[in-house]
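Engineer: Sharing a model that was predicted from the sequence below.
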Amino acid sequence: MPSLPLSPKWLPLCAALLWGGPGALRAADIEGTVIDRQGVRHTVRNLEIRGSTTLEYYVAGKRRLMNMSRIERLHISGTAQDQEAPITVTLRTGRVEAGTIIISGGSTTQDDIGGGGSHVSDRLTGRTGLGPLFVPLSDVQEVLFVHSDDVPIVPDTVNGSIIDDRGKRFTVSDIRYRSDEAFRFRQGRKKRRVALRHVVRLEFGDSPGGEIRPVTITYKTGKVVQGEVDASTVRLSGEVDHVYRSRIDSAFTGIRSSGGSFGIGLNRVKLVLVDHPADPEAEDAEDGQQEASDR
Amino acid sequence: MNGRVTLKMVVLALVAIWISACASTSGSGSGAAYLPPPIPEGQGRLSLQAAGINQLNFYIVDDATGEEVYEDMPRISSRSPSAYDSGAEQNRLTADLAPGTYTVIVNTDIDDDVVIDDVIVEMGQEKYVNVRVGRFQVHFQGGGQFGTQMPFLIFDWNMSTVLGRGMTSSEVRRFIVPEGRYKIRMENSSSGFDIIKPVEVNYGRITQVIISTPSQEEPEQEQNQQN
């Protein structure tokens, strides 16, 4: 008879799972109050938009994907007939983003999508005390999210310095990589990503052709990872001018200390140094250790 | 007499039971390949459900340590001219893991990944997780002028960012992307061929996109006019 896997060494792990499991589950569920265009309010659990907890919208023409666990409220204005409705997203950090959201983009002609094609269901779904809720996104006016205190507030800006291949240093705030908060790289055939807030340093090396540049990523934890990025400047067939220019010249974007916008391509960047504000708890712990050693 | 008949019946029944037992034993031995293997002792099982997709490029990160604990990258790049899908793909969306909380990152054929946070694997239990991805397939009818392999770009709906690249194929080739709306653009500068097609991708469905060159469309129009 095989021995049961409940040996004493697993008990702490089981206890941790029993204690941490429900919290993690809570973190995955999104709750909030949905107000439709008629002013009717619904208290909703398991809230999803288009079957996902990630909201897709456009800010200044750039696509933005935001997890709902980071949103405090969103307001959709315009009319129910608008295909591109203005949206205001207020993050939990207090940052406000104004942009547009595509609704009913599926109203394309039959010629555009061949037989067997599907349409994205533009609706908000969830559960209320009375049962399941389905609201067309065009009827949603406002969503006020309710977050548990266990769900941490993720900082939405990454600040630091970017040094180009000529050694010139730029102090940049709100650093993004291709409009994303994560840096994407490759390890051979593997695609990997790391949030910029977890990174201390990105160092780009030189390659003979300059098409594929090696990159050394130093994590906040001290871990060092090697990878590579596509720094090709070849124009792709079908790329219009502004898309090509943004790909080549604006891999890393941000705001300069002078207030102007900043952008640099992967073929020009040498080093990205991310600032991390000192953690007060860690500082306290260090002070305590120092006091103890002094004694 | 009755006692002998009863005895014979008992013997026959025992033989039948023995034969069936042998058959079931051998059956379970040979049929083990058709059943999911048992969950290893002290571990749990994580199964991804992608609505008909058997293989995905994904990796799993342990939330406690931040280390990558599992990866599977069977799919070839969407840009590869030699890539194709087979109907005989084995399902590889299962991983046996130590109990804990994990993050699953699924690489798609565009830059956007599907990230599933807080996946809890319990000992001896099988956990099913939905991966909200869909597929689309591009049918390119270019005739002799272009052949069957044409590169194209995958844009976001606003066409402000190139999210990925693809290549059409004479073989069955489906592109896996997160659920949502995209536009694809196919351009050939030398011939002046340029087309933009909207693509809407839903979970569990395959969106078919048919692209024809003008030379391929004309005969059909002529036929319609004649009719």
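Structural biologist: Great, that's in hand.
Engineer: Domain ranges for chain A, per the record?
Structural biologist: A:29-108+A:119-146, A:160-274 (automatic domain parsing).
Engineer: Could you export those to TSV, including columns for distance to B:Gln55?
Structural biologist: To be clear about C-beta, it is placed using only N, CA and C from the backbone, and glycine gets the same treatment. Formatted as TSV, the domains of chain A follow (distance: least, Cβ to Cβ, whole Å):
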stretch	distance to B:Gln55
domain A:29-108+A:119-146	22
domain A:160-274	14
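Engineer: Turn these into TSV, columns for mean pLDDT, mean neighbour count and distance to B:Trp18.
Structural biologist: What follows is the domains of chain A, written out as TSV (pLDDT from 0 to 100; neighbours: other Cβ atoms under 10 Å in any protein chain shown; distance: least, Cβ to Cβ, whole Å):
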stretch	mean pLDDT	mean neighbour count	distance to B:Trp18
domain A:29-108+A:119-146	89	17	54
domain A:160-274	91	16	54
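Engineer: Would you convert those domains into a markdown table that also reports distance to chain B?
Structural biologist: Output for these, formatted as a markdown table (distance: least, Cβ to the nearest Cβ, whole Å):
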| stretch | distance to chain B |
| --- | --- |
| domain A:29-108+A:119-146 | 4 |
| domain A:160-274 | 4 |
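Engineer: Quick one: closest of these to B:Tyr203.
Structural biologist: Taking Cβ to Cβ, domain A:29-108+A:119-146 is the member of the domains of chain A nearest to B:Tyr203, at 6.4 Å.
Engineer: so what's residue 61 up against?
Structural biologist: All of this refers to chain A. Residues near A:Gly61 by Cβ atoms under 8 Å, 6 or more residues apart in numbering or on different chains: B:Asn158, B:Ser160.
Engineer: wait, I meant chain B there
Structural biologist: B:Glu67, B:Glu68, B:Val69, B:Tyr102, B:Thr103, B:Ile105.
Engineer: now do A:Leu124
Structural biologist: A:Val34, A:Val44, A:Leu47, A:Glu48, A:Ile49, A:Leu133, A:Phe134, A:Val135, A:Pro136, A:Leu137, A:Val140, A:Val143.
Engineer: what residues are up against the second one?
Structural biologist: Under the criterion of Cβ under 8 Å, 6+ apart, the contact partners of A:Val44 comprise A:Glu31, A:Gly32, A:Thr33, A:Val34, A:Leu124, A:Gly126, A:Arg127, A:Thr128, A:Leu133.
Engineer: repeat for the third one
Structural biologist: In this structure, A:Leu47 makes contact with A:Ile30, A:Glu31, A:Gly32, A:Val34, A:Thr53, A:Met68, A:Leu124, A:Thr125, A:Gly126, A:Val143, A:Phe145, judged by Cβ under 8 Å, 6+ apart.
Engineer: Name the next helix or strand downstream of the helix or strand harbouring it, please.
Structural biologist: Per DSSP states H and E, A:Leu47 falls inside strand A:41-49. Next along the chain after strand A:41-49, taking DSSP H and E as the criterion, comes strand A:54-59.
Engineer: now for that following strand, which elements pack on it?
Structural biologist: strand A:62-67, strand A:84-91, strand A:96-102 (3 or more Cβ pairs under 8 Å, 6 or more residues apart in numbering or on different chains; DSSP states H and E).
Engineer: How far does it sit from its chain's centre?
Structural biologist: When distances are taken as Cα atoms, centre = their mean, to the nearest Å, strand A:54-59 is centred 10 Å away from the chain's centroid.
Engineer: Residues in contact with it: which ones?
Structural biologist: With Cβ under 8 Å, 6+ apart as the criterion, strand A:54-59 contacts A:49-50, A:63-68, A:71, A:74, A:87, A:89, A:97-102, B:158, B:160, B:180.
Engineer: Quick check: which ranges of chain B have low pLDDT?
Structural biologist: Under the criterion pLDDT under 70, the flagged ranges of chain B are B:1-3, B:19-34, B:143, B:215-227.
Engineer: those strands in it, which residues are they?
Structural biologist: In chain B, the strands defined using DSSP state E lie at B:44-49, B:57-62, B:68-72, B:94-97, B:100-107, B:114-121, B:126-130, B:133-141, B:151-155, B:162-167, B:174-178, B:180-188, B:193-201, B:206-212.
Engineer: and the second one with strand B:100-107, angle?
Structural biologist: Using axes from the mean of the first three to the mean of the last three Cα atoms, to 10 degrees, the direction of strand B:57-62 lies 160 degrees away from that of strand B:100-107.
Engineer: swap in the first one?
Structural biologist: Orientation note: strand B:44-49 sits at an angle of 30 degrees relative to strand B:100-107 (the same axes, to 10 degrees).
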